[in-house]
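Student: mind looking at a prediction? Sequence and model below.
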Amino acid sequence: MLILNLVSQDLKKEIKLRHIYKMFKQINCILIIITIFVAVIMLVAKMILQNNFNDTVAQTTLITRDTQGRNSKIREINNRLSFVEKIQSDFVIWSLLFEDLGKYVSDDLNFYSVKIDREAKTISLRGRAKTRSSLLALKDGLEKSNIFFGVDFPVKNILEKNDIDFDIKANLNLDYLKEIL
């Protein structure tokens with residue numbers, strides 16, 4: 001058997017190049033189809049992720065709004081409690097002061113002015129004593145008291161024997177009154 005090759009060398013090259021070109025063309029088409037397929041999958045994935053993100057943001061926003069409302073209510077309650085605590089810490093039971101003062105007052109003492117200065121923590125007592133001994137008993141009682149200290153008892157208070165107009169000033173131990181509670 002005899003093999004005849006009637007195709008020229010240039011034509012053989014051209015046929016070979018056409019086959020290579022066809023193969024590259026098919027590979028390019030396959031790559032384009034794969035790229036389009038991957039792009040579609042990525043687009044669908046992006047849409048799913050975007051929907052999940054939007055749902056999460058919506059839920060978080062609701063939780064944040066609800067939490068902010070609760071936080072503002074908690075802050076308001078805390079402010080009120082702080083205000084009440086401040087009021088209670090500044091509260092002094094004045095009745096205990098008057099009860100202690102009443103221990104040292106006899107029937108022949110009359111007060112016509114009792115002035116308490118909370119800021120300066122002082123008390124000023126003015127009145128009339130029928131006898132000097134009842135006035136001195138008041139002075140001694142104030143000096144022995146835990147509530148009163150630094151009693152200012154002017155000498156003019158004891159110059160007369162009967163019907164004495166007196167003026168007594170003393171410092172107050174308000175911390176002691178608060179501790180009694």
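Tutor: Right, received. Where do you want to start?

Student: now do the helices in the protein.
Tutor: 9-90, 94-103, 132-144, 174-180 (DSSP state H).

Student: and the protein, what are its domains?
Tutor: Segmentation of the chain into domains, based on automatic domain parsing, reads 9-91, 94-180.

Student: reformat the ones you listed as CSV; add distance to L2, mean pLDDT and mean neighbour count.
Tutor: Heads up, the C-betas are built off the backbone N, CA and C, glycines and all. As requested, the domains of the chain are exported to CSV (distance: least, C-beta to C-beta, whole Å; pLDDT from 0 to 100; neighbours: other C-beta atoms under 10 Å):
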stretch, distance to L2, mean pLDDT, mean neighbour count
domain 9-91, 19, 88, 10
domain 94-180, 131, 86, 15
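
Student: can you put the ones you listed in JSON lines and add distance to I3?
Tutor: Converted to JSON lines, the domains of the chain look like this (distance: least, C-beta to C-beta, whole Å):
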{"stretch": "domain 9-91", "distance to I3": "14"}
{"stretch": "domain 94-180", "distance to I3": "125"}
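
Student: can you put the helices of the chain in a markdown table and add distance to L159?
Tutor: Shown next, in a markdown table, are these (distance: least, C-beta to C-beta, whole Å):
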| stretch | distance to L159 |
| --- | --- |
| helix 9-90 | 40 |
| helix 94-103 | 24 |
| helix 132-144 | 9 |
| helix 174-180 | 33 |
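
Student: of all those helices, which lies closest to K161?
Tutor: helix 132-144 (5.4 Å; C-beta to C-beta).

Student: show me what that closest one is packed against.
Tutor: strand 109-117, strand 148-152, strand 162-172 (3 or more C-beta pairs under 8 Å, 6 or more residues apart in numbering; DSSP states H and E).
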